[in-house]
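A.B. asks: Make a model of this:
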Amino acid sequence: MIDSIVYRPMLAKDIDDVVATEVEVFTTPWSAEVFEHELTGNDYATYIVAEYEHEVVGHVGMWVVLDECHITNVAVRKSRQGNGIGEALMRQAMDLCRNNGVRAMSLEVRVTNETAQNLYRKLGFQPGGIRKNYYSDDHEDALVMWVELI
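C.D. replies: Prediction:
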């Protein structure tokens with residue numbers, strides 16, 4: 001299946017599918033309006049989607065400022081998780097950043113989300129600190145993770 005996935009820049013027509021994934025995966029999903037702003041009003045934002053058989057099954061978002069990138073969100077439809085799509089999306093983001101001279105990438109992940117932390121460690125990310133009460137839904141702490149790209 002993973003060989004059949006196309007990774008491409010997110011388009012406005014993808015917003016509904018991306019929001020559906022967000023609603024399925026996150027307790028505080030981003031809205032269609034947020035993604036519309038990200039695509040049309042945020043010069044620092046870049047989004048990549050994973051498309052399988054004409055269906056968007058995952059996405060990764062990032063803000064690139066100068067030579068640093070911050071991952072804003074990574075999500076894969078629950079029915080497609082465990083197939084390497086999240087890892088492939090992250091690798092796409094990392095390659096895009098490397099090719100554009102970005103030196104470092106960061107992200108936040110729930111301290112209880114060991115599955116995601118293991119993926120990020122596999123990609124070279126290291127813990128860099130804790131953001132106390134970071135998540136608005138339950139005030140869970142976030143682990144900040146960093147990776148040097150160059």
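
A.B. asks: When you work out contacts or count neighbours from here on, use the C-alpha atoms and nothing else.
C.D. replies: Fine.

A.B. asks: Pull out the buried positions in stretch 125-144.
C.D. replies: Neighbour counts over stretch 125-144 (16 or more other C-alpha atoms under 10 Å) mark 125, 126, 127, 130, 131, 134, 135, 140, 141, 142, 143, 144 as buried.

A.B. asks: Let me know the average pLDDT across that stretch.
C.D. replies: Mean per-residue pLDDT for stretch 125-144: 93.

A.B. asks: What's the end-to-end length of that stretch?
C.D. replies: 9 Å (C-alpha to C-alpha, to the nearest Å).

A.B. asks: Other residues contacting it?
C.D. replies: 27-28, 106-111, 120, 145-148 (C-alpha atoms under 8 Å, 6 or more residues apart in numbering).

A.B. asks: for this structure, what's the longest helix?
C.D. replies: Across the chain, the longest stretch assigned as helix under DSSP state H is helix 85-99.

A.B. asks: Could you list the alpha-carbon positions for it in PDB?
C.D. replies: In PDB, the C-alpha atoms belonging to helix 85-99 read as follows (Å, rounded to 0.1, in the frame of the first residue of the first chain):
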ATOM      1  CA  ILE A  85       2.500   6.800   6.300                       C
ATOM      2  CA  GLY A  86       3.300   9.000   9.300                       C
ATOM      3  CA  GLU A  87       7.000   8.200   9.000                       C
ATOM      4  CA  ALA A  88       6.900   8.900   5.200                       C
ATOM      5  CA  LEU A  89       5.200  12.200   5.700                       C
ATOM      6  CA  MET A  90       7.900  13.200   8.300                       C
ATOM      7  CA  ARG A  91      10.700  12.100   5.900                       C
ATOM      8  CA  GLN A  92       9.000  14.200   3.100                       C
ATOM      9  CA  ALA A  93       9.000  17.200   5.400                       C
ATOM     10  CA  MET A  94      12.600  16.600   6.500                       C
ATOM     11  CA  ASP A  95      13.800  16.200   2.900                       C
ATOM     12  CA  LEU A  96      12.000  19.400   1.800                       C
ATOM     13  CA  CYS A  97      13.600  21.300   4.700                       C
ATOM     14  CA  ARG A  98      17.100  19.900   4.000                       C
ATOM     15  CA  ASN A  99      16.700  20.900   0.300                       C
END
